[in-house]
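Novice: what's the 3D shape of this:
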Amino acid sequence: MARKDKNKTENTEEQELNASTEENETVEKETNESVELTDGEKLADLNDKYLRLYSDFDNFRRRTIKEKADIIASASSGLMKELLPVIDDFERAILNNEQSEDLNGLKEGFKLIYNKTLNTLKTKGLEWIDSKGKAFDPEVHEAITNIPVEDEEMKGKVVDVIEKGYNLKGKPLRYAKVVVGQ
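Specialist: Residues are numbered from 1 along each chain as shown. Coordinates of the predicted model:
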């Protein structure tokens, strides 16, 4: 009987061990499945974040391109608004010149309009490049021709300016067309 009790105890322990192992395996499977679900959810969440970020960037890129096109289209509108009064002055001068015989008045009117235009452009950053008598600089001058000079000091310097050069906010807008002494 002691043997039966011992076998019964061993069987019971074995059954408990098997039951415990089965429970552990079930818990492990559930844990692995929940980890897999969590990984799947993480993957879905990351994919969703990626798609949103990609979409936001694409919208940003499109908006930037549209804004750049708008800026380019309306870039000169400020200058145009400031030059409209100059055009009005020219129109008044043309009307008055048809009936006026005062030559000095005409000259004075053109000088006033010229100065108004020049001042408007200066406020926008336009600068005149002073070239005559200066050393030739290919960064700001365009040599039209070379002419021989008798004065040694004028060799390699600008003798005459054919067309003035201008800088816009420190950058060359138009190079000065010059004649250089040789």
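Novice: Skipping adjacent residues, who's closest to Gly125 in space?
Specialist: Distances taken as C-beta to C-beta, 6 or more residues apart in numbering place Lys169 nearest to Gly125, at 3.9 Å, with adjacent residues excluded. All C-beta spots, glycine's among them, are computed from the backbone N, C-alpha and C.
Novice: Break the chain into its domains for me.
Specialist: 1-74, 76-124, 127-182 (automatic domain parsing).
Novice: residues near the residue nearest to Gly125, how many?
Specialist: Lys169: 9 surrounding residues under other C-beta atoms under 10 Å.
Novice: And Arg62, by the same measure?
Specialist: Arg62, neighbours per other C-beta under 10 Å, totals 10.
Novice: So for the helix or strand containing it, mean pLDDT?
Specialist: Taking DSSP states H and E as the criterion, Arg62 maps to helix 2-73. Regarding helix 2-73, the rounded mean pLDDT is 73.
Novice: next SSE after that helix?
Specialist: Criterion used, DSSP H and E; the element after helix 2-73 is helix 77-99.
Novice: Now do that following helix, average pLDDT.
Specialist: Mean predicted confidence for helix 77-99 is 87.
Novice: Which elements pack onto that helix?
Specialist: For helix 77-99, the contact count by 3 or more C-beta pairs under 8 Å, 6 or more residues apart in numbering; DSSP states H and E identifies helix 103-123 as packing neighbours.
Novice: Which element, helix or strand, includes Tyr166?
Specialist: Secondary structure from DSSP H and E places Tyr166 in strand 165-168.
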